[in-house]
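Engineer: Quick check, what structure comes out for this input:
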Amino acid sequence: SPQQAFGAVAGHALLLQSVSQEVGKLVVAGTMAAPNPADYPVGTLLQIVPNHSCLTAACHPVYYVVEDGKVIDAWHPCRGW
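Structural biologist: Numbering: from 1, shown residues only. Predicted structure coming up:
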């Protein structure tokens with residue numbers, strides 16, 4: 001069966017295995033092994049591609065619509081309904 005994950009790391013063979021508060025746990029895709037910390041020193045920026053938008057969208061007051069590298073619109077979420 002496919003490995004369960006909250007998302008993938010763009011450009012890397014890594015998956016976001018679990019999340020809690022501000023912490024995410026990465027594993028090497030296809031394994032349960034942690035990535036080598038030497039490959040990702042503190043300060044390394046990684047782009048997480050979530051498999052569902054709720055965890056990401058809930059954290060932001062505005063969503064910027066980007067096309068061809070330019071912001072073309074800004075969407076504001078409906079809250080409290």
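Engineer: Name the next helix or strand downstream of the worst-scoring helix or strand of the chain on mean pLDDT, please.
Structural biologist: Across the helices and strands of the chain, mean confidence by mean pLDDT, DSSP states H and E is lowest for helix 54-57: a mean of 74. Where DSSP states H and E defines the elements, the next helix or strand beyond helix 54-57 is strand 63-67.
Engineer: pLDDT of that following strand, averaged?
Structural biologist: Taken as a whole, strand 63-67 carries a mean pLDDT of 93.
Engineer: Tell me what angle whichever helix or strand comes after it forms with strand 63-67.
Structural biologist: For strand 63-67, the succeeding helix or strand toward the C-terminus, using DSSP H and E, is strand 70-75. Going by axes from the mean of the first three to the mean of the last three C-alpha atoms, to 10 degrees, strand 70-75 is angled at 150 degrees with respect to strand 63-67.
Engineer: can you dump the C-alpha coordinates of strand 70-75 into PDB?
Structural biologist: Once non-C-alpha atoms are left out, strand 70-75 reads as follows in PDB (Å, rounded to 0.1, in the frame of the first residue of the first chain):
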ATOM      1  CA  LYS A  70       3.300  37.200 -10.800                       C
ATOM      2  CA  VAL A  71       0.500  37.800  -8.200                       C
ATOM      3  CA  ILE A  72      -2.700  38.400 -10.200                       C
ATOM      4  CA  ASP A  73      -5.200  38.300  -7.400                       C
ATOM      5  CA  ALA A  74      -5.700  38.000  -3.600                       C
ATOM      6  CA  TRP A  75      -8.400  35.900  -2.100                       C
END
